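S.K.: Quick one, structure for this:
(one chain, ligands or ions: 2)
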Amino acid sequence: MHALEKILAKASGRNIVKVGEIVEAEVDLAEVNDLYLQVIRSFYEMGGKNVACPERVAFVFDHYSPPPSIKAADNQRQMREFCKKMGIELLFDIGEGVCHQLLAESGLVGPGKIIIETDSHTTTLGALGAFATGVGATDLAIILLTGRLWFKVPSIVNIRIDGSMQPGTTAKDVILYILGRLKQDAAIYKAIEFTGSTVSSMPMDERFVLCNMSVEMGAKTAYIQPDKVTFDFLKDIGAKGEDFEEFTTDKDFSYAEAYDVDVSGLVPQVALPGSVDDVCCVKDTEGIPISQVLIGTCTGGRLNDIRVAAEILKGKHVAKDVRCLLVPASKKIFREALTKGYVDILTEAGVVFVTPGCGPCLGAHEGVLAPGDVCVSTSSRNFPGRMGSTEASIYIASPATAAASALCGRLTDPRNVM
Ligand SMILES: CC(C)[C@H](C(=O)O)[C@@H](O)C(=O)O
Ligand code: SF4
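M.R.: Ligands and ions are numbered 1, 2, ... in the order given. Next up, the predicted model:
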């Protein structure tokens with residue numbers, strides 16, 4: 001069996017599970033974001049009186065944070081009331097950050113846990129050795145009622161990544177390259193495990209990026225086997241190690257599919273407007289003028305990303321007629337960036353900081369795009385209308401490419417400014 005199958009087996013009280021089977025398993029942590037008031041409605045529609053395990057439930061206000069409309073504000077008001085009534089103490093109110101980053105920082109997510117959120121990018125948390133996936137309102141309401149959920153055991157794809165990365169090339173370039181090769185329908189309802197020497201040498205901030213964008217290939221979940229990097233991360237955030245159980249994959253386990261990726265020759269990549277799997281080298285798009293840059297989101301708003309941007313923009317200034325927004329993935333990250341001086345460097349360079357959270361990532365507020373805007377974004381999606389006008393173009397790239405492009409006012413390979 002694979003480690004992920006062992007996690008499902010243990011949580012469903014079985015010795016073995018098979019691909020395609022439906023099992024019912026205990027959920028260790030369920031999260032609801034501020035777009036999902038429907039979870040509460042469904043809970044009551046299904047006869048809910050009390051939440052089964054309130055200590056295993058979190059609410060996060062991140063998509064509309066602070067609320068840009070009366071409706072969004074009222075949704076959050078109703079969610080606060082529900083949490084109070086049900087004894088749910090894990091309420092991350094406005095300004096705390098994006099759900100996936102907050103749960104990663106909470107110390108509640110780690111090896112062997114089953115983590116469910118009302119968000120497709122929950123796959124991010126597979127980087128910590130958990131079985132983590134996103135669901136809709138009805139399934140999340142079932143967890144509130146019972147503490148459990150049904151799962152169809154996914155087949156498992158192995159993407160093995162080897163080779164040392166060239167300067168200016170990051171995990172975002174790796175996952176974009178993979179997406180460009182395998183395409184958006186490569187892993188529908190499958191689990192992706194990332195292995196290989198490149199992954200083992202990646203810091204946790206980079207591993208989150210690989211797992212985060214697995215869902216752009218349709219993945220049900222993503223996974224990286226826990227190792228020293230994982231346990232050092234958990235120790236640094238004060239997680240109690242005894243809460244976790246590391247499962248390992250049997251030596252004779254055979255993957256449904258396996259791909260080998262050699263990144264030693266990889267150069268910075270970019271997804272062209274309209275589809276996140278229409279990928280090419282940044283150097284082939286150089287010179288395209290831009291009007292906005294977004295550095296942030298649950299894909300590219302961590303301390304490592306802000307550090308890279310600060311290194312590129314230090315002592316320089318964002319190009320004329322370009323707006324560069326920085327949305328930290330959490331308040332903790334923002335405060336660390338403050339302490340390290342990155343905020344000072346970047347504000348001096350003309351970067352506009354936005355409340356930790358989702359910001360303009362899904363076109364809600366805090367920097368939505370006008371018709372004709374051309375934006376380089378470190379986020380994960382660029383379909384028409386994603387960040388505002390359907391007549392705006394969004395290039396998906398790494399924080400290094402985004403900062404280099406903000407500096408030059410056009411799509412720029414970061415190696416040219418490093
Ligand atoms: C929550 C939901 C509206 C959506 C998701 O599930 O991913 C959002 O976070 C996104 O990035 O499009
Ligand atoms: S930052 Fe963007 S991709 Fe991540 S959860 Fe928020 S809206 Fe979704």
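
S.K.: Every contact and neighbour count from this point should use C-alpha atoms.
M.R.: OK.

S.K.: For stretch 334-349, which residues meet the burial criterion?
M.R.: Residues of stretch 334-349 classed as buried: 334, 337, 342-343, 345-349 (neighbour count, 16 or more other C-alpha atoms under 10 Å).

S.K.: List of residues touching that stretch?
M.R.: Residues outside stretch 334-349 that contact it (C-alpha atoms under 8 Å, 6 or more residues apart in numbering) are 303, 306-307, 309-310, 313-318, 328, 353, 356.

S.K.: and if you look at stretch 297-307?
M.R.: Stretch 297-307 has contacts (C-alpha under 8 Å, 6+ apart) with 98, 100-101, 205, 208-209, 212-213, 295-296, 326-330, 333-334, 336-337, 342, 357-359, 361, 378-380, 398-400.

S.K.: Equivalent analysis for stretch 227-236, please.
M.R.: Residues outside stretch 227-236 that contact it (C-alpha under 8 Å, 6+ apart) are 107, 110, 128, 200, 203-204, 240-241.

S.K.: Could you export the residues you listed as TSV, including secondary structure and pLDDT?
M.R.: TSV is the format used below for the contacts of stretch 227-236 (DSSP: H, G, I helix; E, B strand; the rest coil; pLDDT from 0 to 100):
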residue	secondary structure	pLDDT
Gly107	coil	95
Gly110	coil	97
Leu128	helix	98
Ser200	helix	98
Pro203	coil	97
Met204	helix	97
Lys240	coil	79
Gly241	helix	68
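
S.K.: Let's have these in a markdown table, adding neighbour count and distance to Val39.
M.R.: Output for the contacts of stretch 227-236, formatted as a markdown table (neighbours: other C-alpha atoms under 10 Å; distance: C-alpha to C-alpha, whole Å):
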| residue | neighbour count | distance to Val39 |
| --- | --- | --- |
| Gly107 | 18 | 25 |
| Gly110 | 29 | 25 |
| Leu128 | 29 | 26 |
| Ser200 | 19 | 38 |
| Pro203 | 14 | 35 |
| Met204 | 17 | 31 |
| Lys240 | 12 | 30 |
| Gly241 | 13 | 31 |
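
S.K.: Which two among those are spaced furthest apart?
M.R.: Farthest apart among the contacts of stretch 227-236 by C-alpha to C-alpha are Ser200 and Lys240. That separation is 22.8 Å.

S.K.: Spell out which parts of the stretch 201-350 of the chain neighbour ligand 2.
M.R.: 297-298 (C-alpha under 6 Å from any ligand atom).

S.K.: Sketch out the helices for the stretch 201-350 of the chain, chain order is fine.
M.R.: Counting by DSSP state H, counting those that start in this stretch, the stretch 201-350 of the chain has helices at residues 204-212, 228-236, 297-300, 303-313, 331-339, 342-348.

S.K.: residues of stretch 239-251 that come out buried?
M.R.: Across stretch 239-251, burial judged by 16+ other C-alpha under 10 Å covers 239, 244, 246-248.

S.K.: And for stretch 277-289?
M.R.: Result for stretch 277-289 [16+ other C-alpha under 10 Å]: buried residues 277-283, 285, 289.

S.K.: got it, and stretch 56-73?
M.R.: Using 16+ other C-alpha under 10 Å as the test for burial, stretch 56-73 gives 56-67, 72-73.

S.K.: just those now: which is nearest ligand 1?
M.R.: Top of the list for closeness to ligand 1, among the buried residues of stretch 56-73 and by C-alpha to the nearest ligand atom, is His63 at 7.0 Å.

S.K.: Now do the same for the closest one: helix, strand or coil?
M.R.: coil (DSSP: H, G, I helix; E, B strand; the rest coil).

S.K.: per-residue pLDDT, it?
M.R.: Model confidence at His63, given as pLDDT, is 98.

S.K.: mind checking how far it is from Asp119?
M.R.: His63 sits 10 Å away from Asp119, going by C-alpha to C-alpha, to the nearest Å.

S.K.: again, but for Val19
M.R.: Note on Val19: its distance to Asp119, by C-alpha to C-alpha, is 24 Å.

S.K.: Look at the two and report which has more neighbours.
M.R.: A count of neighbours by other C-alpha atoms under 10 Å puts Asp119 above the other of Val19 and Asp119, at 19 against 13.
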